[in-house]
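> sequence first, then the predicted structure:
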Amino acid sequence: MSGAAVGRKRQRAVMATDSDWQALKERADAAGMDVSRFVLERLTVPVAVPEDAVVARDLAVGLARVERMVRVLYEVEKERVEGGAGSETWQALVRRAGARIDAEEGLG
């Protein structure tokens, strides 16, 4: 292949619904680009994600809380289904499940 052919642009095809294409065209117009340039820019230009220690910490803490809540609910439901709950209140079940998870995490 010649050097001229390497850098030559070629027509490509993209399948899209009319509404998807219209939305793409509107976004390209708003960015001041034609659709081809808009697609190439969005797919090939690396996006810098700032390293923010506070955000990362907050996300980690939030994720740990969600994970713990899911584990507690799993333990409560497991006990309820297995018939060990008796007439205990939901709060008592949650406290007991939380204590089991605290004990597990203490072993970690």
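Alright, I've got the coordinates.
> burial of residue 88, as a residue count?
By other Cβ atoms under 10 Å, the residues close to residue 88 number 14. For the C-beta atoms, the positions are set from N, CA and C on the backbone; glycine is no exception.
> in contact with it: list those residues for me.
Residue 88 is in contact with residue 96, counting by Cβ atoms under 8 Å, 6 or more residues apart in numbering.
> tell me the SS of it?
Of the three states, residue 88 takes coil under DSSP: H, G, I helix; E, B strand; the rest coil.
> all further residue positions should be reported with the first residue as 34.
All right, first residue 34 from here; so that's residue 121.
> output the below-cut-off pLDDT ranges for this protein.
34-38, 80, 82-83, 117-120, 141 (pLDDT under 70).
> list the contacts of residue 109.
Shown in contact with residue 109 (Cβ under 8 Å, 6+ apart): 118, 123, 126-127, 130.
> and it, which helix or strand is it part of?
Using DSSP states H and E, residue 109 maps to helix 86-114.
> for residue 48, same thing?
With DSSP H and E as criterion, residue 48 is part of no helix or strand.
> how many other residues sit next to it?
That count, for residue 48 with other Cβ under 10 Å as the rule, works out to 6.
> roughly how far does it sit from residue 74?
20 Å (Cβ to Cβ, to the nearest Å).
> and residue 55, helix, strand or coil?
helix.
> and what of residue 137?
From three-state DSSP, the assignment for residue 137 is helix.
> thinking again about what came up before, among the contacts of residue 109, name the ones in helices.
Per DSSP state H, helices hold the following members of these: 123, 126-127, 130.
> just the buried subset of those, please.
Neighbour counting over the ones in helices among the contacts of residue 109 (16 or more other Cβ atoms under 10 Å) leaves 126, 130 as the buried ones.
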